[in-house]
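*Asks:* What would the 3D arrangement of this be:
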Amino acid sequence: MVNKIIIRGLSDIESAAARFLELKGRSSVIALYGGMGAGKTTFTKAMCSVLGVVDGVNSPTFNIVNEYRTALGETVYHFDFYRVESIAEALDIGFEEYLYSGDLCIIEWPEKVEQILPDDTLKVQISVLNNHYRELTFGSAVD
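*Replies:* Numbering: from 1, shown residues only. The predicted structure is shown next:
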């Protein structure tokens with residue numbers, strides 16, 4: 001089944017994130033695909049807000065991974081593999097342990113580590129429709 005959600009600007013992003021989280025099912029690994037400036041980090045911030053993350057959410061471009069806690073004490077891991085050059089770099093930070101922890105893992109630039117993503121990873125394509133609108137496509141169409 002293919003799901004699509006239109007984000008109609010920043011004022012709509014948290015409601016879109018809430019809808020996405022309702023539709024994502026039991027997937028704990030979310031891979032966000034999209035070009036530079038598509039809104040991967042902004043959408044991650046919105047998901048974290050909906051989940052009640054109390055920490056500031058920022059792109060982990062230089063750290064590779066950021067760890068957040070929700071108000072309920074749940075853990076969310078946020079990865080940015082933009083600067084990763086090899087699978088070995090991801091393995092060196094213990095990426096596979098995060099993936100199989102059962103905690104929510106949100107991954108930006110998953111193309112860099114696709115070979116080691118679990119089979120049940122939810123792949124999400126973020127497409128730019130115009131300066132303000134984005135479209136999320138997830139499910140079998142992006143597999």
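
*Asks:* Chain neighbours aside, what residue packs nearest to residue 139?
*Replies:* Counting by C-beta to C-beta, 6 or more residues apart in numbering, residue 2 is the residue found nearest to residue 139 once chain neighbours are left out, at 4.4 Å. C-beta coordinates here come from the backbone N, C-alpha and C atoms, glycine included.

*Asks:* brain fart, residue 77
*Replies:* Distance criterion C-beta to C-beta, 6+ apart; nearest residue to residue 77, sequence neighbours excluded, is residue 105 at 4.7 Å.

*Asks:* what about the one you found, distance to residue 13?
*Replies:* Distance, residue 105 to residue 13, by C-beta to C-beta, to the nearest Å: 20 Å.

*Asks:* Unless I misread the structure, residue 126 falls within a helix.
*Replies:* No. Assessed with DSSP: H, G, I helix; E, B strand; the rest coil, residue 126 is strand; it does not lie in a helix.

*Asks:* Run through the bridge partners of it.
*Replies:* residue 136 (DSSP bridges).

*Asks:* residues touching it, list them.
*Replies:* Neighbouring residues of residue 126 by C-beta atoms under 8 Å, 6 or more residues apart in numbering: 32, 33, 34, 38, 39, 40, 43, 134, 135, 136.

*Asks:* From the centroid of this protein, which residue is nearest?
*Replies:* With distances taken as C-alpha atoms, centre = their mean, the residue of the chain nearest its centroid is residue 106 (3.3 Å).
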